[in-house]
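**Student:** Please work out how this folds:
(chains A and B)
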Amino acid sequence: MKKRMLTAVASVALFAGAAYAEEVRVYNWSDYIDEELLTKFEEETGLDLIYDVFDSNEVLETKMLAGGSGYDVVVPSGTFLQRQITAGAFQKLDKSKLPNLANMWDVISERTAAYDPGNEYSINYMWGTTGIGVNVGKVKEALGEDAPMNSWSLVFDPANMEKLAGCGVHFLDAPAEMIPAALNYIGENPDSHDPDVIAKAEGVFMPVRPHIQKFHSSEYINALANGDICVAVGWSGDILQARDRADEAGNGVEIAYFAPKEGAQMWFDQMAIPADAPNPDGAHKFLNFIMDANNMAAASNYVYYANGNKASQEFLEEDVIGDPAIYPDEASMANTFTTTPYPAKVQRVVTRLWTKIKSGT
Amino acid sequence: MRRLLLISVPYLWLLALFLVPFFIVLKISLSDTALAIPPYTPTLDLGAGWAGLKGFFAELDLENFWFLTTDDLYWKAYLSSVWIALFSTLLTLIVGYPIAYGMAQAREEWRPTLMMLVILPFWTSFLIRVYSWMGILSQEGVLNQFLMWSGVISDPLMILNTNTAVYIGIVYTYLPFMILPIYAALEKLDISLIEAAEDLGCSRFQAFWLVTVPLSKNGIIAGCFLVFIPALGEFVIPSLLGGSQTLMIGKVLWEEFFNNRDWPVASAVAVILLLILIIPIILFQRNEQKQREAEG
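**Tutor:** Got it, this is the predicted structure:
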């Protein structure tokens, strides 16, 4: 009896071990992939794909720094990636397992190398800008025909915000993007790490704060599409997804995205493999699968974000590659800025300021 | 020996589920942040033996607790949480007592069904129920649509993302915790006591106020603690239903942990929260004990 029990335990352990090796666990942003790709990956590789989502870099970072997340592929944005590499959270990519690296676009790789020198730890998944999404009808109703929809003054000028409050305004709950946007608006260096300069952002937010309905980083997609809110500071592709959902619902809501003329932050979401990933081999297979030109194009066509994959461009639909809100022309590209990670002391100043902006305390 | 074993069970329970986690949090609250995995230092290295242990304790300090006193955010958040928890406990009592009273007054054969109805919502995930409230309370939500349709209001009410929504969420979620202990107390109530009071000249309301309410006191106290204690540290309800101005310690804790990556300060916030909670928990225990003694 005892012996039989032992065999049972051993076989369960074996089975569990085998099952584990066949799984790839991916942790990506919400609303960020064409889900048909997930099934396609399972069919092509025979691996079980477990796909979870998050909506803030902070949540991902806490999981990475706690260690033992159990994920094989995660998708931090540039500045967060850089800090987590320093903390030792990721393993170097085995480029021999990634033949599709040849598809990548040097214009983007050069920029992401600022966060991950030599792109040793990560590949670019998608990139975009942080700007303003508007419900065109409602904003014109509130502010008139000449509403400054392509300017940060739409959300940072108290006179405009007072009129918009009635139809609902959401801001991203992402201090590392909102504070640079405010600094850029008042002509300061958006990437400043000087606490005195950062403090100036308070003067931008405090007067408009009472008119902000919510600080949240994913609810605005549906809220814009349903007509619950009329303005959201958000990520380019998310707002374009809201536009599409509204079109599909046929509810007469017209959504548009603007990368403000004063300058918009450009960010890069990078796929990387945690140092303690249970299945690094499967993770490489997933990265290589994603870098396939057809697959990457399918993802971009679905979520309306630009990608860092040159070869995928011929498979992109015209309303993606041809839309300057997604693939900005050179002039708009020049009108973007990037940021670098805050050191711990400055981070505390930023978070404290953000709490004050959000809660008034 | 057997007696000792029996006594040790609750203590082992307490040790495993309360004291051990508490000391882990306390330990982190005494350390410093670091950009590493895990993001604090020092970490206990038992391999280094006695010297390692000594070095570890030498590096701990109360700095993070001092830090909490330098910024008024923290005590404001604690106070505001206590206030929100107190007010929603009161609301829950006002809503819950009549329901419990009605249940206890209902015909015997109806009671199990009514009890079932109170418990039934627990069969659905808590998160889904909070999300449904978002659907009900939002600008274009069911409630506003109905009120506009019926002509009560002409502009949609702003309820979601305000403190009102937080109160609604807490009252809704914790209502069964209030109803059940009060119902248990009221059900045991001897009806002849009310009859006696009325025979002696009490009006129905007086009889209720002078007899029923005092006799259900223990149920009320138990219900209030069961609502107040979890509401104080509530995080999910304020973050989903509340707006940016809703200041609760659960959210502050989240920010220390996630945005600042400052586990030591986050742990210090948690330790203080626990100390605040210990007072009502002890009061609750005392009440329970008194009740047991009275019954025994």
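**Student:** quick one: low-confidence ranges for the stretch 201-350 of chain A?
**Tutor:** Low-confidence segments of the stretch 201-350 of chain A (pLDDT under 70): none present.
**Student:** Write out the residues of it neighbouring chain B.
**Tutor:** The stretch 201-350 of chain A comes close to chain B at residues A:209, A:212-215, A:223, A:226-229, A:275, A:344, A:347-348, as judged by Cβ under 8 Å from any Cβ of the partner chain. Quick note: C-beta positions are derived from backbone N, CA and C, even for glycine.
**Student:** Tell me which two in these are the farthest apart.
**Tutor:** Farthest-apart pair in these is A:G227 and A:A275; separation 45.0 Å (Cβ to Cβ).
**Student:** quick one: what helix or strand has the residue most central in space within chain A in it?
**Tutor:** Centroid-nearest residue in chain A, with Cα atoms, centre = their mean: A:D269, separated by 5.8 Å. If you go by DSSP states H and E, A:D269 is part of strand A:264-272.
**Student:** Buried residues, whichever helix or strand comes after that strand. List them.
**Tutor:** Scanning forward in sequence from strand A:264-272 by DSSP H and E, the next helix or strand is helix A:280-290. Residues of helix A:280-290 classed as buried by neighbour count (16 or more other Cβ atoms under 10 Å in any protein chain shown): A:280, A:282-290.
**Student:** and helix A:280-290, what does it pack onto?
**Tutor:** Applying 3 or more Cβ pairs under 8 Å, 6 or more residues apart in numbering or on different chains; DSSP states H and E, one finds that helix A:280-290 contacts strand A:23-29, helix A:35-45, strand A:73-74, strand A:122-135, helix A:293-303.
**Student:** Also compute the angle for the strand holding A:D269 relative to strand A:122-135, please.
**Tutor:** Put simply, strand A:264-272 runs at 140 degrees to strand A:122-135, going by axes from the mean of the first three to the mean of the last three Cα atoms, to 10 degrees.
**Student:** Any residues of the stretch 1-150 of chain A in contact with chain B? List them.
**Tutor:** Checking the stretch 1-150 of chain A against chain B by Cβ under 8 Å from any Cβ, the hits are A:56, A:58-59, A:61-62, A:64-67, A:83, A:86-89.
**Student:** Which of those are buried? Put it as a ChimeraX command.
**Tutor:** To isolate the buried members of these in ChimeraX, using 16+ other Cβ under 10 Å:
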select /A:56,58,61,62,64,65,67,83,87,89
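**Student:** In JSON lines: the residues of the stretch 1-150 of chain A next to chain B, plus secondary structure.
**Tutor:** Formatted as JSON lines, the residues of the stretch 1-150 of chain A next to chain B follow (DSSP: H, G, I helix; E, B strand; the rest coil):
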{"residue": "A:S56", "secondary structure": "coil"}
{"residue": "A:E58", "secondary structure": "helix"}
{"residue": "A:V59", "secondary structure": "helix"}
{"residue": "A:E61", "secondary structure": "helix"}
{"residue": "A:T62", "secondary structure": "helix"}
{"residue": "A:M64", "secondary structure": "helix"}
{"residue": "A:L65", "secondary structure": "helix"}
{"residue": "A:A66", "secondary structure": "helix"}
{"residue": "A:G67", "secondary structure": "coil"}
{"residue": "A:R83", "secondary structure": "helix"}
{"residue": "A:T86", "secondary structure": "helix"}
{"residue": "A:A87", "secondary structure": "coil"}
{"residue": "A:G88", "secondary structure": "coil"}
{"residue": "A:A89", "secondary structure": "coil"}
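**Student:** circling back to that earlier point, can I get the helices and strands packed on helix A:280-290 in TSV with mean neighbour count?
**Tutor:** Converted to TSV, the helices and strands packed on helix A:280-290 look like this (neighbours: other Cβ atoms under 10 Å in any protein chain shown):
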stretch	mean neighbour count
strand A:23-29	22
helix A:35-45	14
strand A:73-74	28
strand A:122-135	26
helix A:293-303	21
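**Student:** now those as TSV including distance to A:Q313?
**Tutor:** Formatted as TSV, the helices and strands packed on helix A:280-290 follow (distance: least, Cβ to Cβ, whole Å):
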stretch	distance to A:Q313
strand A:23-29	22
helix A:35-45	18
strand A:73-74	23
strand A:122-135	13
helix A:293-303	8
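**Student:** wait, which of these is closest to A:G322?
**Tutor:** Using Cβ to Cβ as the measure, helix A:293-303 is the one of the helices and strands packed on helix A:280-290 that comes nearest A:G322, at 12.1 Å.
**Student:** Run through who's touching that closest one.
**Tutor:** A:31-34, A:36-37, A:40, A:100, A:103, A:126, A:237, A:241, A:289-290, A:306-307, A:309, A:311-317, A:320, A:326 (Cβ atoms under 8 Å, 6 or more residues apart in numbering or on different chains).
**Student:** quick one on the thing from earlier: spatially, which two of the residues of the stretch 1-150 of chain A next to chain B are the most separated?
**Tutor:** Among those, A:S56 and A:G88 lie farthest apart (Cβ to Cβ), at 21.9 Å.
**Student:** how about the strands of chain A, start to end?
**Tutor:** A:23-29, A:48-54, A:73-74, A:122-135, A:169-171, A:214-215, A:231-235, A:255-258, A:264-272, A:306-307, A:336-337 (DSSP state E).
**Student:** Now do residue 148, the pLDDT please.
**Tutor:** If you meant another chain, say so; for now it's chain A. Looking at A:P148, its pLDDT reads 95.
**Student:** Hmm, no, I was thinking of chain B.
**Tutor:** So B:M148 comes in at 91 (pLDDT).
**Student:** and it, which of the three is it?
**Tutor:** Three-state call for B:M148 (three-state DSSP): helix.
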